[in-house]
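J.: Give the three-dimensional model of this entry:
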Amino acid sequence: MERFICSCGAPLTFESSHCALCECDVGFNPEQLAVPLNQQGEWAYCDNHAFGVCNWLRPLASSNTSAPRCQFNRVIPNLTLPQNLMRWTALERAKKRLLYTLLCLELPLQNGWHNSTQGLLFDFLDDERSQPDAYPGSFVTSGYANGVITLNVLEADDVERTAAQVELRRALSHVTRPFSARVGALLLVALDKTSHVYGDFSRLFGDETIDYGEAMRVYYEQGPPANWRSTFISAYASSHPLEDWAESWSHYLLIEDGLDTAFSQGLLDTNPKDWSTDKRLDVWTTDQSRTKRDEQEQGRATSIHSLLRRRLEKSSRSGCY
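T.: Sure, this is the predicted structure:
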């Protein structure tokens, strides 16, 4: 994440709505990818700003009072229930950070309201675990299907999310992880299964048509293979090719965000966006600590970058997805 600066010179965060120095209102401008100035003029806050969950700006003349990235929501948590405003806030921040990264990667995205066949929508849902009195007997699993990413609101709970990470042996537990993993599933669905790009995916990650339910049953009963560290980014990635892709994609985004942050904080002399994929991976995994697993990580990240660029080239010709 890059650094944001108010027009008065004071530092701002990605989620800033107010400058503590000059006391002006600020917001994120999705067209300029910055938090530039106050809302006066042609910009206004999203309606969700009133709940404290969004600082993105929308065109003042727009008939839609939601910011572009809030328009990706289909279902939000019931805000009359305990802790749901706090959970929604955490989920919205993670969602917008992911969408910011995708914007920086120049990945074209449309919401499902504008494009019902190739667009994306989010459902943030409760179940008995988060709201036992309101939803007794219910169970919501996070996942992706038919253009909709469903996230259990417990993904916003640090304790619950970390417990799931330990149980499933995932590489990451940050709240952005379920978002990035599900967007990875969207990218995979968008691939033309007859293209050489999909062939590259299959050679690297394996046959994604292997029965998912059976693969997960075996993983839960037997655990990962003993040598998973020499082949996979995480133990969970060994459970099925789809999870291998999701874990690898999430880690690739972590690398992109980490290097972007390092450059914005003055820890790198040149912008990583101008580097080759090999150089980014060389910096991320230093020669002094390089292992066989690092080489596997580099190979996966390089391949993911290649898949990403090819998908971008195709989507720029056929329109946003």
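
J.: residue boundaries of the strands in the protein?
T.: Ranges of strands in the chain, per DSSP state E, are 4-5, 11-12, 43-45, 57-59, 73-75, 121-125, 143-145, 148-152.

J.: and the fifth one, what does it pack onto?
T.: If I follow you right, that is strand 73-75. Applying 3 or more Cβ pairs under 8 Å, 6 or more residues apart in numbering; DSSP states H and E, one finds that strand 73-75 makes contact with strand 121-125. Placement of C-beta: from N, CA and C, glycine included.

J.: picking that back up, lowest average pLDDT across the strands of the chain?
T.: If these are sorted by mean pLDDT, strand 143-145 sits at the bottom with a mean of 81.

J.: Packing partners of it?
T.: By 3+ Cβ pairs under 8 Å, 6+ apart, strand 143-145 packs against strand 148-152, helix 176-190.

J.: And these, which one averages the lowest pLDDT?
T.: Looking at the helices and strands packed on strand 143-145, the bottom one is helix 176-190 with a mean of 74.

J.: Keeping just the C-alphas, turn that helix into CSV.
T.: Extracted as CSV, the C-alpha positions of helix 176-190 are listed here (Å, rounded to 0.1, in the frame of the first residue of the first chain):
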residue,chain,number,x,y,z
THR,A,176,-7.9,-10.1,3.2
ARG,A,177,-7.0,-13.7,2.6
PRO,A,178,-10.6,-15.0,2.0
PHE,A,179,-11.2,-12.1,-0.4
SER,A,180,-8.1,-12.7,-2.4
ALA,A,181,-8.7,-16.5,-2.5
ARG,A,182,-12.2,-16.1,-3.8
VAL,A,183,-11.2,-13.6,-6.4
GLY,A,184,-8.6,-16.1,-7.5
ALA,A,185,-11.4,-18.6,-8.0
LEU,A,186,-13.2,-15.9,-10.2
LEU,A,187,-10.1,-15.5,-12.3
LEU,A,188,-9.8,-19.3,-12.8
VAL,A,189,-13.5,-19.6,-13.9
ALA,A,190,-12.8,-16.8,-16.4
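
J.: now that helix, how far from the centre of its chain.
T.: Mean-position distance between helix 176-190 and its chain equals 7 Å (Cα atoms, centre = their mean, to the nearest Å).

J.: Quick one: work out the angle between that helix and strand 148-152.
T.: With axes from the mean of the first three to the mean of the last three Cα atoms, to 10 degrees applied, the angle from helix 176-190 to strand 148-152 works out at 160 degrees.

J.: Remind me what helix 176-190 packs against, helices and strands.
T.: Applying 3+ Cβ pairs under 8 Å, 6+ apart, one finds that helix 176-190 contacts helix 84-104, strand 143-145, strand 148-152, helix 241-264, helix 292-318.

J.: ok, now with 7 Å
T.: helix 84-104, strand 143-145, helix 241-264 (3 or more Cβ pairs under 7 Å, 6 or more residues apart in numbering; DSSP states H and E).

J.: Dump the ones you listed to TSV, plus distance to C6.
T.: Formatted as TSV, the helices and strands packed on helix 176-190 follow (distance: least, Cβ to Cβ, whole Å):
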stretch	distance to C6
helix 84-104	18
strand 143-145	37
helix 241-264	15
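
J.: and the ones you listed, which one is worst for confidence?
T.: strand 143-145 (a mean of 81).

J.: what's in contact with that strand?
T.: With contact meaning Cβ atoms under 7 Å, 6 or more residues apart in numbering, strand 143-145 is reached by T150, R182, A185, L186.

J.: That one - which strands sit beside it in the sheet, and in what orientation?
T.: In the sheet, strand 143-145 lines up against strand 148-152 (antiparallel) (DSSP bridges).

J.: buried stuff in the strand it pairs with?
T.: Neighbour-count burial for strand 148-152, counted by 16 or more other Cβ atoms under 10 Å, picks out V148, I149, T150, L151, N152.

J.: Compare the strands of the chain and give me the one nearest N271.
T.: Of all the strands of the chain, strand 4-5 sits nearest to N271, with 16.2 Å by Cβ to Cβ.

J.: Distance from the closest one to the middle of the chain?
T.: On Cα atoms, centre = their mean, the centre of strand 4-5 falls 22 Å from that of its chain.

J.: Paired strands for that strand, with orientation please.
T.: When DSSP bridges is applied, strand 4-5 pairs with strand 11-12 (antiparallel).

J.: Can I get the contacts of strand 143-145 in JSON lines including distance to N227?
T.: Below are these laid out as JSON lines (distance: Cβ to Cβ, whole Å):
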{"residue": "T150", "distance to N227": "34"}
{"residue": "R182", "distance to N227": "28"}
{"residue": "A185", "distance to N227": "26"}
{"residue": "L186", "distance to N227": "31"}
